[in-house]
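> Need the 3D shape of this:
(one chain, ligands or ions: 3)
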Amino acid sequence: MKNGENVAINVTNTIGEPSTLHWHGLHLPARADGGPHQIIENGDTWTPAFTVKQRASMFWYHSHMVPVTGRQVYQGLAGLIYVDDDEVSKLELPSNYGIDDIPLVLQDRAFNDDGAFYYNTSMMSGMMGMRGNTLLVNGTVRPFFIARTNKIRLRILNGSNARTYTIGFDDGRTFHQIGTDGGLLEQPYETCQITLAPAERMQIIVDVTDGNPARLRTFASPNQGMMGGMIANNSAFEIVDILPDSGRTVSPALPDRLIQLPKPDPSNAIRTRRFIMEMRMGGMMMGGGAFSINGKTMDINRIDETVRINTTEIWQIDNASMMAHPFHIHDVQFRILDRNGRPPAPYETGLKDTVFIQPQERVRLLLEFSDYLDPDRPYMYHCHILEHEDAGMMGQFTVNA
Ligand code: C2O
Ligand code: CU
Ligand code: CU
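Ligands and ions are numbered 1, 2, ... in the order given. Down below sits the predicted model:
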C-alpha cells in the first residue's frame, strides 16, 4: 500500500468456521478494523475500504476471532503488509523486495507425529501462551539467503503467539536498527541485539561487506518475569544464514538522518487513563477470570473506555502480574513516554503499536485519536500473547464526538 491511496480489500472466508481479519497497526475506521466485531461467516466476503494514512513501515494482518484468535493465527491466518510513502522512498535505503529488502516472519510451532501443527491451550500453554520447539521463518525451517549486495534490510515480525525473541548475530557483529512498528527511527541506531515481543516489528540494516557468512539467531531471552524459568529452556533458534555472494554490489552509505518525528509532548494530553494488567492463578485453575485489565475480562458487549476525537491522552499501563505482556492498541501509533519514569531507550523511540511491559513495570504512552469517529463500533486494546487475549486480557474503546 502507499500512503494516501484508497484501498478496498476483498476478504473471503473459506476456512469452514467464522473468522475476522484485522489490519494490525493501521489507522483506519473502526468498521474496517477487522476486530472481533467484523465477523466474516464461512463462505462470506467482507470488503473493508479505507484511505491509507500511514508512514512507511511493515504492518501485518491476522485473525481476531474471539476466543479462537490464537488457534486461527497459529494455523496460518496471518500475513504482511508493506506501506510506502514518498519521504522514505527518497532515502537511499535497500528497498528491492527479495533482493536487498527481505521480510522475516518468526513463528514458533510444535508438531504432531504426522507433521500437523500441534496446538493446545490446557494448563501451561494456556497460562504462558502456546509455544513451539521449532522456529518457522517465513514458514520454513533454518533458511539461508544469498546476499548480492553489501547491505541488506531485514523487516522482522514476531508473528508468534506467545514467545519473545532476543535477536542478534552469532559472531556478535553489530547492525543498524532503522525502524520500529509503525515507521522509521529518526536516525539509525547501532546495536548487536534486539528484543521482539509478539506482534512487534523492527527493521534493521545488516552489512556483509566483510564477505563472512552471518548467522542471525535468537538468544535466551532476558528477564520475562518470575515465571520465565517455567518456559521450556530452548529459546536459542537459528533464524537465517546470510551467505555473501562473491559478486556483491556496493550499497550506498546509510543516511545519518532518516525521518523527523514530533517530540512527544505530554503537556498536550488532556488526561491520563490508567490500565492494570493482572493474572490470577486461582482463577486460572477454576477456568475463568484469570486474565484481566482493570479487574475485568473482555466482554464483547461492554465498552470499557470512551475517548474523544482529536484529543491526546496518556495511557499508563501497570503490569501487576508475574509475567511480561506485550500491550497493543488498535487505531493508533503511539510514542513511549517513559518506563518506570525513565525515558525510552533509542530502539523504541519511534512509532509503536505494541509495547512489551515487564512485571511490576509502569509504562506511559502518548496517543492521539484522529480522523475516525464511531461511537458504536469499538477498537481493541489487549495483550498480544494470543492465548491471554483469548482468555480475556482485552478491552474495548470507542472514539466519540
Ligand atoms: Cu494484532 Cu488486536 O491485534
Ligand atoms: Cu491491532
Ligand atoms: Cu499477556
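
> just the CA coordinates of stretch 175-185, formatted as PDB?
C-alpha atoms of stretch 175-185 as PDB (Å, rounded to 0.1, in the frame of the first residue of the first chain):
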ATOM      1  CA  PHE A 175      23.800  -3.900  12.800                       C
ATOM      2  CA  HIS A 176      21.700  -0.800  12.500                       C
ATOM      3  CA  GLN A 177      18.100  -0.600  13.600                       C
ATOM      4  CA  ILE A 178      16.200   1.800  11.300                       C
ATOM      5  CA  GLY A 179      12.600   1.200  12.200                       C
ATOM      6  CA  THR A 180      10.000   0.300  14.800                       C
ATOM      7  CA  ASP A 181       6.400  -1.000  14.500                       C
ATOM      8  CA  GLY A 182       4.900   2.000  12.700                       C
ATOM      9  CA  GLY A 183       7.700   3.800  10.900                       C
ATOM     10  CA  LEU A 184      11.400   4.600  10.700                       C
ATOM     11  CA  LEU A 185      13.500   5.900  13.600                       C
END
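
> do you know how far the residue nearest to D256 when sequence neighbours are not counted is from D181?
Spatial nearest neighbour of D256, chain neighbours left out: Q187 (6.3 Å); criterion: CB to CB, 6 or more residues apart in numbering. For every residue, glycine as well, the C-beta is placed using N, CA and C. Plainly put, Q187 is 17 Å away from D181 if you go by CB to CB, to the nearest Å.

> Same question for V208.
Taking CB to CB, one finds V208 at 26 Å from D181.

> Those two: which is more packed in?
Counted by other CB atoms under 10 Å, V208 and D181 do not tie: D181 has more neighbours, with 27 against 20.

> Am I right that the more buried one is in contact with E348?
No: look at D181 against E348 with CB atoms under 8 Å: they stay out of range, at 9.1 Å.

> Can you name the residues that contact I300?
Contacts here follow CB atoms under 8 Å, 6 or more residues apart in numbering; on that basis I300 touches P36, H37, V66, Q396.

> swap the cut-off to 10 Å and go again
Neighbouring residues of I300 by CB atoms under 10 Å, 6 or more residues apart in numbering: G35, P36, H37, V66, P67, P378, M394, Q396.

> For PyMOL, write the select line for the buried members of these.
Per 16 or more other CB atoms under 10 Å, the buried members of the contacts of I300 correspond to this PyMOL selection:
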select buried, resi 35+36+37+66+67+378+394+396
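
> just the contacts of I300 now: which is nearest ligand 3?
Nearest to ligand 3 among the contacts of I300 is M394, at 9.9 Å by CB to the ion.

> I'd like to know the beta-bridge partner residues of that closest one.
In this entry, M394 is beta-bridged to H382, by DSSP bridges.

> Need the pLDDT of it.
Looking at M394, its pLDDT reads 98.

> didn't it look like it was pressed against Y381?
Yes: look at M394 against Y381 with CB atoms under 10 Å: they come within range, at 7.1 Å.
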